[in-house]
Structure formats: C-alpha cells, structure tokens
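Visitor: 3D model of this:
(one chain, ligands or ions: 2)
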Amino acid sequence: MARKISILIVDDEESVRDSLYNWFIEDGFRVECAENAKRALTILESDQFDIILADIKMPGMDGLEMLRRIKSLKNDSIVIVMTAFATVDTAVKALKDGAYDYVTKPFDPDDLTHLIRNATRQISLAEENESLREKVISLENVEDLIGNSEAMKNVLREVESVAQTNSSVIITGESGTGKELVARAIHANSPRKFFPFVSVHCGALTESLLESELFGHEKGAFTGAMYNRKGRFEMADSGSIFLDEIATISVKMQVELLRVLESKTFMRVGGNKEISSDFRVICATNKDLKSMVEKGTFREDLYYRLNVVNIQIPPLRDRKEDIPLLVDYFIKKYCTSMNRPSVSIDPGALKRLQEFNFPGNIRELENMIERAIVVGNGKKISLKDLPLEKTMVTSSAESLDDFEKAFILQILNKYSWNISRTARALKVDRVTLYHKIKKYNLKQADQQ
Ligand SMILES: Nc1ncnc2c1ncn2[C@@H]1O[C@H](COP(=O)(O)OP(=O)(O)OP(=O)(O)O)[C@@H](O)[C@H]1O
Ligand SMILES: [Mg+2]
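Guide: Ligands and ions are numbered 1, 2, ... in the order given. Predicted structure coming up:
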C-alpha cells in the first residue's frame with residue numbers, strides 16, 4: 001500500500017499502549033495513543049485514523065460508549081475492541097454496535113497481526129473501489145440521461161436497480177427516445193462496466209450476416225470468410241450485448257438466439273467447437289413485441305427469456321417538461337463540440353419547441369438544436385432558426401378549419417339553418433354542406 005495506515009490505540013494501561021505502539025511502529029504504521037475515551041474523542045476531532053483499537057473496560061467512559069459516539073460522528077474508521085476473556089459478551093455487543101472485530105487480552109500476536117492485516121486489506125479495497133468509481137465516471141463515455149420529469153426519473157430508477165442484476169432487459173420506446181442511451185447506462189452502472197458493451201443492429205443485417213456477426217465464423221465457412229472471426233457474443237464475454245431492433249430477427253434466428261440464451265454456449269458458423277461466453281443481454285425495440293407474440297411472429301419462449309425486465313421510455317411529447325433541460329444540454333453539447341461560446345434561446349422559441357409534438361423524439365430535438373447553432377452563427381437561437389414549419393402548417397391548417405367552421409355556422413344561422421339557401425350563399429352544393437356540418441359537428445343551437 002502506498003500510504004501509511006494510521007492506528008489510534010485507546011487503553012488505560014500504559015504497558016498495553018507502549019507494547020502495541022512499538023509493535024505497530026515497527027510494522028510501518030502511523031500510531032497515536034490515548035489513555036482514555038475522552039482523550040481519544042478529542043484527538044479524533046482534529047485527526048483521522050484508519051483503525052481505532054480500543055479497550056472496552058476503561059475508567060470513565062467505556063469502550064462501548066466511545067464506539068457509539070464514534071459511529072454517531074459518521075467517522076468511518078475501523079474500530080477493533082480489546083477485551084478480556086471474561087467479557088466476550090460485551091465484545092459481541094460491540095460488534096452489533098458497529099465494531100469491525102474484537103481481540104481478546106492477553107493478545108495472541110498472530111491473532112492481532114491477522115486482524116490488522118484484514119482491516120488493512122479492507123481499507124485498501126475500499127479505496128481502490130473509490131478510485132475505480134471515479135475513473136468510470138470519467139472513462140465511460142456515456143452521455144448523461146437528461147430528464148427531470150417523473151416519467152424520466154422512473155426510468156432512471158429502473159436503470160439503477162436493474163443495472164445491479166444479470167437479468168435480461170427489453171427497452172421499449174418510439175424511435176429516438178433514447179433506448180440505446182439507456183442500454184449503455186445500464187451497462188455503465190453494472191458490475192460488468194469494465195468489460196465490453198457490444199452493440200448489434202439486428203435490423204440492418206440479413207439473416208446470414210447476422211448469424212456470423214453474432215456467432216462469428218471459421219475461415220472458409222462461406223465465400224468471403226477469409227479469416228476466423230469472433231462473434232459478438234464472444235466479444236461480449238463478461239460484458240453486455242445490446243441487440244437493437246430485436247423484433248426484426250427471423251424465426252430461425254429467434255430459435256438460435258433462444259438456444260444461446262439458455263446454454264450460454266454456441267458454435268461459430270462453420271466451426272465445430274463449443275464456445276461459451278458470459279454475457280448479459282439488453283434488447284431494444286420500437287415494436288409491440290407482446291402483440292407480435294400474439295400474432296405468432298415472435299416466439300413466446302424467447303419473449304419471456306428476454307423480457308425479464310421491461311423498461312419503457314415515454315415519448316418526448318408525454319414529458320414536455322424535460323424540453324427546456326434537454327435544449328440547454330444540447331446547446332452546451334454542440335457549442336462545446338463546435339468550439340463556440342454558449343448561446344441562449346429566445347423564450348418564444350423555447351415555448352414553440354414545447355408545443356411541438358416531436359415525432360422523432362429526442363433525436364429530432366437534438367438535430368434541431370445542432371442545426372440552429374450552425375445556422376444561428378453564434379447568435380441567440382430564435383424561432384426562425386428552428387424548422388418547426390410542420391407545426392406551423394398543422395396549426396394554420398387547424399385555424400383554417402376553425403375559420404371555415406365559424407363561417408359556415410354564421411351563414412347557417414343567418415338563414416335559420418335553411419340548407420338550400422345556405423348552400424347557395426356559400427356557393428357549394430347541399431351534399432357538401434351536409435358533409436361540412438357533419439365534419440364540424442355543427443348544431444342549430446351552436447352560437448358563434
Ligand atoms: N434523456 C436523454 N438525455 C440526453 N440525450 C438523450 C436522451 N435520450 C436520448 N438522447 C439522445 O438522443 C439521440 C437518440 O437516442 P438513442 O439513439 O438512444 O435513441 P433510440 O431510442 O435508440 O432511437 P432508435 O429507435 O431510432 O434507434 C442520441 O443522440 C441520444 O444521445
Ligand atoms: Mg437506437
């Protein structure tokens with residue numbers, strides 16, 4: 001271990017303190033001593049120790065009380081209590097109160113060495129984990145999953161809890177809702193995070209290409225197979241495999257996939273050796289797999305294999321409160337990547353974005369913002385930088401309809417709902433007028 005481990009010895013007997021002090025100093029620890037609990041707590045106010053070795057029976061405050069106080073201080077030192085044979089019961093009580101372990105007096109040097117070694121190992125493991133965790137956050141190039149809506153918070157909670165397991169997950173959601181991002185987040189938060197995340201776009205490959213992509217192939221297995229090639233399942237060993245657009249795979253592939261999921265073994269195309277791989281499966285689809293199962297186009301057994309956990313990502317139009325956050329996030333993302341100072345967005349433009357339906361979900365919003373930053377040339381993003389014509393068309397079409405409806409009603413009322421006279425005034429035939437009345441659900445009592 002690179003740094004010195006520190007130990008605080010708390011014992012009222014000077015001979016015990018001295019012998020332990022000398023012993024640990026020789027072993028390369030940093031050591032301090034306190035002759036009673038009160039003194040120990042004072043030292044702890046200004047100093048940190050990895051290990052506290054404390055006698056239970058001391059005049060004044062005893063070791064148990066001191067232990068409770070140390071724990072209530074959220075001090076995460078490892079506390080080891082020392083006790084005479086006669087008071088092992090008390091030692092057990094100490095364990096319940098959060099002591100790491102106990103040693104009995106008189107010490108067996110081997111016992112104590114062993115105990116301190118274990119404690120030291122635990123400390124270095126905890127530190128290693130901490131530094132690994134920091135590395136993951138900076139290493140894993142997972143974009144943040146942005147969203148403050150209840151719907152998105154639920155997704156995040158699900159990601160967090162499912163990440164800890166090995167269960168198969170199906171992520172469902174419309175195109176562009178962030179299915180792949182969620183799959184990556186599951187992997188990046190799982191114990192498999194240091195191993196590969198292997199992604200396969202099932203929809204983009206023909207059956208035979210998909211087969212050799214997933215299982216690999218041996219040299220000469222088919223025309224063009226010039227080398228042995230590892231498949232994606234093999235590459236995903238100890239990691240996760242992401243099967244995107246799972247609904248597109250053929251019935252034959254469904255059978256093969258089921259077999260692999262059950263046995264975790266497979267053979268390369270053209271090979272005869274069983275290969276095993278420990279992978280976790282995450283799938284995504286924008287199709288309703290359940291109804292495909294009902295129609296018989298997706299195998300039910302495979303469906304249940306894959307669908308241990310289902311995470312549904314709601315479309316953006318159902319969580320419009322996330323739009324301002326996402327806009328902010330994408331502005332920063334693209335200004336940074338284009339090496340430009342950050343820009344803001346005109347409140348009116350933001351409002352229009354929040355009214356837009358986003359059939360292409362987050363991807364569409366992201367593309368809009370990227371484009372707006374390019375065309376806006378460093379200026380504030382305004383409505384004219386955003387391709388929202390589609391909404392303008394629909395909203396103007398809606399208003400045209402509103403206008404027509406109001407106009408027809410006005411003429412109808414003017415002629416007291418006499419259809420012939422109204423039709424003549426509107427220069428349409430009676431059938432057309434009836435159609436319009438039906439379309440707009442006009443009634444005689446309606447007033448403008
Ligand atoms: N919650 C989010 N926060 C930030 N960015 C997001 C979020 N969700 C999606 N994105 C971004 O939107 C884009 C589309 O996401 P992704 O590719 O994961 O969607 P998808 O559901 O897999 O789409 P498709 O069905 O078309 O494959 C990506 O650039 C992704 O980074
Ligand atoms: Mg995708």
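Visitor: contacting residues for the closest residue to ligand 1 within the chain?
Guide: Scanning the chain for the residue nearest ligand 1 gives Gly178, at 2.6 Å (criterion: C-beta to the nearest ligand atom). Any C-beta I mention is one placed from the backbone N, CA and C, and that applies to glycine too. With contact taken as C-beta atoms under 8 Å, 6 or more residues apart in numbering, Gly178 is in contact with 145, 313, 361-362.
Visitor: Which ones, among these, also lie beside ligand 1?
Guide: Restricting the contacts of Gly178 to those touching ligand 1 (C-beta under 6 Å from any ligand atom) yields 145, 362.
Visitor: Let's have the contacts of Gly178 in TSV, adding neighbour count, pLDDT and secondary structure.
Guide: Shown next, in TSV, are the contacts of Gly178 (neighbours: other C-beta atoms under 10 Å; pLDDT from 0 to 100; DSSP: H, G, I helix; E, B strand; the rest coil):
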residue	neighbour count	pLDDT	secondary structure
Leu145	15	86	coil
Ile313	27	97	coil
Asn361	21	95	helix
Ile362	24	96	helix
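Visitor: before we move on, the earlier item: can you pull the pLDDT of the residue of the chain closest to ligand 1?
Guide: We note a pLDDT of 95 for Gly178 in this prediction.
Visitor: Could you check how far it is from Val309?
Guide: Distance, Gly178 to Val309, using C-beta to C-beta, to the nearest Å: 17 Å.
Visitor: Quick check: what element follows the lowest-mean-pLDDT helix or strand in the chain along the chain?
Guide: Using mean pLDDT, DSSP states H and E, helix 389-414 stands out as the lowest-scoring helix or strand of the chain, at a mean of 67. Heading C-terminal from helix 389-414, the first helix or strand you meet, by DSSP states H and E, is helix 419-426.
Visitor: going on from that following helix, what's the next piece of helix or strand?
Guide: helix 430-439.
Visitor: buried residues in that following helix?
Guide: Buried residues in helix 430-439, counted by 16 or more other C-beta atoms under 10 Å: 433, 436-437.
Visitor: ditto for stretch 21-40
Guide: Within stretch 21-40, judged by 16+ other C-beta under 10 Å, the buried ones are 21, 23-24, 29, 31-37, 40.
Visitor: Can you check the distance spanned by that stretch, start to finish?
Guide: With C-alpha to C-alpha, to the nearest Å as the measure, the ends of stretch 21-40 fall 15 Å from one another.
Visitor: Could you do stretch 239-247 as well?
Guide: 22 Å.
Visitor: which residues sit against that stretch?
Guide: The set of residues external to stretch 239-247 that reach it, using C-beta under 8 Å, 6+ apart, is 170, 179-180, 183-184, 186-187, 190, 192, 195-204, 232-233, 279-287, 289, 292, 298, 306.
Visitor: Give me the buried entries from the residues you listed.
Guide: Among those, those classed as buried by 16+ other C-beta under 10 Å are 170, 179, 183-184, 186-187, 190, 192, 195-200, 202, 232-233, 279-286, 289, 292, 298, 306.
Visitor: Okay, and which of the residues you listed map to strands?
Guide: Using DSSP state E, the members of those that fall in strands are 170, 197-200, 280-285.
Visitor: which among these are in contact with ligand 1?
Guide: Checked against ligand 1 using C-beta under 6 Å from any ligand atom, those give the following subset in range: Ala284.
Visitor: could you dump the ones in strands among the buried ones among the contacts of stretch 239-247 to a markdown table with pLDDT?
Guide: Listed next are these as a markdown table, based on pLDDT from 0 to 100:
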| residue | pLDDT |
| --- | --- |
| Ile170 | 96 |
| Phe197 | 94 |
| Val198 | 95 |
| Ser199 | 94 |
| Val200 | 94 |
| Arg280 | 96 |
| Val281 | 97 |
| Ile282 | 98 |
| Cys283 | 97 |
| Ala284 | 97 |
| Thr285 | 96 |
